[in-house]
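Asks: Any chance you can model this:
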Amino acid sequence: MKITGIDIGDYRQFKNIKFDFTYPADHPTKAGQPLDKVCFIGQSGTGKTTLLNVIWDFFQVVLDSYQRVSLKNTLVNNESYSTFEETKIYSIYNEKRIILNYTDLKNKFDYTYQDLDGKSRYGQLGYDWLNGLGIYDSLKNQEQAKKLCLFIKDSIAREADAFLFDQKEQPQSFSDFVKTDTQIEKEKIAHVERINAAGSKKVVSLGDMQSLSTWQYLLREINQYDEDTVQQITKIIQSTPKNKVTEDLQKWIAADPRIDLAEKCLNPLLKKFFLEVNIGAKGNSPIALCKSNKQDIAIPSSNLSTGTRQLLATAIPIYKFDTEDTVILFDEPERSLFPDIQRGLIGYYTSLAPTAQFFFATHSPIIASAFEPCERFILYFDENGEVKFHNGIAPEGDDPNDILRQDFAMADLMLQKGLEAYEKYRQLAMQIRAETDEEKKNQLIIERLELGNRYNFAGQYAQSK
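Replies: Residues are numbered from 1 along each chain as shown. Here you go, the predicted model:
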């Protein structure tokens with residue numbers, strides 16, 4: 001599914017605003033197609049995260065409606081439905097155009113369902129809406145691992161503990177030490193059912209500290225490999241002809257699922273931190289890191305920076321989930337990351353999910369520079385305090401300072417002290433031209449040169465001023 005537009009009447013900080021998430025008619029290769037990626041950037045309070053939440057609420061309505069049609073007795077989240085009393089959202093699924101618009105459904109809500117209570121009315125409305133679209137069978141037959149929507153919240157770095165530390169259940173009372181084999185087996189079955197249920201969800205939100213089962217699902221292959229390793233190695237040593245023991249052991253070691261995760265997902269960006277996944281580490285945690293090319297120098301998980309945690313916690317689900325035609329909502333991808341990492345961040349994430357549609361909310365002009373102008377939505381307050389937007393001007397890959405000048409109309413990027421220094425730099429030039437005493441002129445030249453070198457006034461930036 002892809003999102004192609006949002007119309008908002010009067011909702012939160014928005015009033016009478018329309019967003020078109022398709023490539024313009026003059027685009028050289030993708031005219032009329034849904035945008036591959038979208039960047040919401042702008043002043044604080046202009047609704048960047050609100051827009052992500054509107055899209056998330058749409059998928060909550062899709063999920064609730066799907067469950068109603070499948071006759072599962074699930075509670076309906078009224079909040080998700082009420083979002084669309086003043087909001088219309090456009091999407092496309094299997095080449096079918098889908099609109100969620102309360103204006104078209106209001107008569108049913110107010111009259112046809114008037115004898116039902118509020119929650120039941122929302123549930124019945126969702127049932128009729130999804131049933132009328134004719135997409136239930138497609139959703140039902142969709143592979144369990146395939147996601148409609150993945151929401152990565154700005155606090156996701158906190159969830160890195162799910163794979164950096166041992167999360168296996170520990171004894172909670174003395175009775176846990178004397179469990180019967182039957183009890184242990186039942187708990188194992190319940191554990192498998194719980195993580196499979198988490199993995200089969202069609203929409204997933206990460207970052208609210210409620211996702212442990214989801215992480216266990218994502219890392220189940222690694223955990224299973226670790227559980228089987230001792231038994232498998234023992235079997236190889238005891239049952240394999242001596243001339244084949246080394247070969248079979250190497251095959252088992254090469255089957256470690258960490259290798260694929262490291263080489264295709266994590267290491268390409270971890271190398272910028274001079275880190276890599278420690279394939280050889282066998283402890284209680286699924287993921288361990290070490291210095292690049294130095295697996296004997298392990299990095300304690302408790303010592304990892306917030307930025308490193310953010311990278312791990314965002315990259316793993318994007319890579320491990322089936323994200324074909326998934327909508328991925330990503331709040332503040334730049335959080336706790338140095339500018340040199342930010343430069344390649346959008347290209348990195350989109351390479352992990354090349355057929356997904358991304359929506360990023362950011363404050364970083366470095367992040368924004370990775371988008372085409374038509375993919376950039378710059379939010380701002382007008383003179384009446386209402387939120388408006390315009391698309392970008394600066395080309396994709398441009399200097400972030402040009403993004404600020406052209407897209408945000410920020411003529412002065414320096415702080416006051418820098419502006420004062422530049423004014424002095426200009427005044428010194430005039431003094432040099434007017435000075436007739438050669439010794440004083442040379443002193444002024446040296447002073448101006450030192451000031452220019454300190455602030456790089458002699459470079460291209462000064463000329464643009």
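Asks: so residue 268 touches residue 345, yeah?
Replies: No. Applying C-beta atoms under 8 Å as the test, residue 268 and residue 345 come out as separate, 11.8 Å apart. No exception for glycine: its C-beta is placed from N, CA and C like everyone else's.
Asks: send the alpha carbons of stretch 419-430 over as PDB?
Replies: These are the backbone C-alpha positions of stretch 419-430, laid out as PDB (Å, rounded to 0.1, in the frame of the first residue of the first chain):
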ATOM      1  CA  LEU A 419      27.700  38.600  11.800                       C
ATOM      2  CA  GLU A 420      29.600  41.200  13.900                       C
ATOM      3  CA  ALA A 421      32.900  39.500  12.900                       C
ATOM      4  CA  TYR A 422      32.000  39.600   9.200                       C
ATOM      5  CA  GLU A 423      31.100  43.300   9.500                       C
ATOM      6  CA  LYS A 424      34.500  43.900  11.000                       C
ATOM      7  CA  TYR A 425      36.100  41.900   8.200                       C
ATOM      8  CA  ARG A 426      34.300  44.300   5.700                       C
ATOM      9  CA  GLN A 427      35.300  47.400   7.600                       C
ATOM     10  CA  LEU A 428      39.000  46.300   7.700                       C
ATOM     11  CA  ALA A 429      38.900  46.000   3.900                       C
ATOM     12  CA  MET A 430      37.800  49.600   3.600                       C
END
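Asks: Which neighbouring elements make contact with the helix or strand that contains residue 269?
Replies: Element membership for residue 269 (DSSP states H and E) is helix 267-270. If contacts are counted by 3 or more C-beta pairs under 8 Å, 6 or more residues apart in numbering; DSSP states H and E, helix 267-270 sits against strand 275-277, helix 306-320.
Asks: swap the cut-off to 10 Å and go again
Replies: strand 275-277, helix 306-320, helix 345-352 (3 or more C-beta pairs under 10 Å, 6 or more residues apart in numbering; DSSP states H and E).
Asks: Residue 268 and residue 345 - which one has more neighbours?
Replies: Taking neighbours as other C-beta atoms under 10 Å, residue 268 and residue 345 compare with residue 345 leading, 22 against 16.
Asks: for the chain, longest strand please?
Replies: Among the elements of the chain assigned as strand by DSSP state E, the one spanning the most residues is strand 2-11.
Asks: what mean pLDDT does whichever helix or strand comes after it have?
Replies: Note on strand 2-11: by DSSP H and E, the next helix or strand toward the C-terminus is strand 14-20. When pLDDT is averaged over strand 14-20, the result is 95.
Asks: Strand 14-20 vs strand 2-11, what angle?
Replies: Counting by axes from the mean of the first three to the mean of the last three C-alpha atoms, to 10 degrees, strand 14-20 lies at 160 degrees to strand 2-11.
Asks: Can you give me the domain boundaries for the chain?
Replies: 2-143+322-407, 156-172+180-308, 416-464 (automatic domain parsing).
Asks: and those domains, which one's lowest on average pLDDT?
Replies: Among these, domain 416-464 carries the lowest mean pLDDT (a mean of 79).
Asks: Check the offset of that domain from the chain's centre.
Replies: 46 Å (C-alpha atoms, centre = their mean, to the nearest Å).
Asks: ok, the most centrally placed residue in the chain - contacts?
Replies: For the chain, the residue nearest the mean C-alpha position is residue 330 (3.1 Å; C-alpha atoms, centre = their mean). Counting by C-beta atoms under 10 Å, 6 or more residues apart in numbering, residue 330 touches 37, 52, 150-154, 156, 314, 318, 345-346, 349, 358-362, 367.
Asks: Between the two ends of stretch 359-369, what distance do you get?
Replies: From its first residue to its last, stretch 359-369 covers 15 Å (C-alpha to C-alpha, to the nearest Å).
Asks: Sorry, wrong one. I was asking about stretch 405-419.
Replies: Stretch 405-419 stretches 16 Å from its first residue to its last (C-alpha to C-alpha).
Asks: about what we covered before: could I get the helices and strands packed on helix 267-270 in CSV, plus columns for distance to residue 23?
Replies: Shown next, in CSV, are those (distance: least, C-beta to C-beta, whole Å):
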stretch, distance to residue 23
strand 275-277, 37
helix 306-320, 23
helix 345-352, 16
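Asks: quick one on the thing from earlier: pull out the buried residues from the contacts of residue 330.
Replies: The neighbour count (16 or more other C-beta atoms under 10 Å) marks 37, 52, 150-153, 156, 314, 318, 345-346, 349, 358-362, 367 as buried among the contacts of residue 330.
Asks: Just checking the distance from stretch 391-399 to the centre of its chain.
Replies: For stretch 391-399, the distance to the chain centre is 21 Å (C-alpha atoms, centre = their mean).
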